[in-house]
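1. Here you go, sequence then predicted model.
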Amino acid sequence: MKRISGIQIGQYVRSKAGRDKNHIFLVLTIIDHEYVLVVDGDVRRIESPKKKKIKHLYEYKQISDVVREKQTDDKKLTNLMIRKEIEKFDLNQVNLGGF
């Protein structure tokens with residue numbers, strides 16, 4: 001499994017800067033030590049992931065097992081799956097008192 005600076009495929013991240021500031025994403029692909037591709041299944045779909053610098057992302061410890069398994073096994077991953085995973089994560093954050 002590819003891992004750079006603590007970032008892993010399937011990890012939940014939040015944007016620190018840009019138009020998408022404070023938006024929750026999942027890491028789809030790690031490009032290199034500086035960039036990753038992130039998706040949210042809605043605005044940033046699997047067909048057009050957002051290229052983000054790692055330094056512009058806040059990393060959460062939680063990792064989506066569904067996304068990680070599908071990506072590492074080259075199985076089909078859908079935007080609906082991504083949205084559901086982010087919804088579950090958002091509900092957890094609300095129940096735990098926020099960010």
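-> Cool, got the structure.
2. Specify the beta-bridge partners of the spatially closest residue to Asp90 that is not a sequence neighbour.
-> Of all residues beyond its chain neighbours, the one nearest Asp90 is Ile24 (6.5 Å), with distances taken as C-beta to C-beta, 6 or more residues apart in numbering. In short, each C-beta sits where N, CA and C put it, glycine included. Bridge pairing for Ile24 (DSSP bridges) gives the partners Arg14.
3. ok, Ile24 touching Arg14?
-> Yes. Here Ile24 reaches Arg14: they are 5.5 Å apart, a contact under C-beta atoms under 8 Å.
4. So for those two, which sits in the more crowded spot?
-> When neighbours are counted by other C-beta atoms under 10 Å, Ile24 comes out ahead of the other of Ile24 and Arg14, with 20 against 16.
5. Now do the contacts for that one.
-> Ile24 makes contact with Tyr12, Val13, Arg14, Asp40, Ile86, Phe89, Asp90 under the criterion C-beta atoms under 8 Å, 6 or more residues apart in numbering.
6. if you set the cut-off to 7 Å instead, what comes out?
-> Tyr12, Arg14, Asp40, Ile86, Phe89, Asp90 (C-beta atoms under 7 Å, 6 or more residues apart in numbering).
7. Run the chain-centre distance for stretch 35-46.
-> 7 Å (C-alpha atoms, centre = their mean, to the nearest Å).
8. surely Ala17 meets His56?
-> Yes. In this structure, Ala17 is within contact of His56 by C-beta atoms under 7 Å, at 4.7 Å.
9. Is Tyr12 located within a strand, as I assumed?
-> Yes. With DSSP: H, G, I helix; E, B strand; the rest coil as the criterion, Tyr12 is located in a strand.
10. ok, it - contacts?
-> Tyr12 makes contact with Ile24, Leu26, Tyr60, Gln62, Ser64, Phe89, according to C-beta under 7 Å, 6+ apart.
11. Could you pull up phi and psi at the fourth one?
-> Yep, that's Gln62 we're talking about. Backbone geometry at Gln62, expressed as degrees, to the nearest 10, gives phi -70, psi 140.
12. distance of Phe25 from Val36?
-> In this view, Phe25 and Val36 are 9 Å apart by C-beta to C-beta, to the nearest Å.
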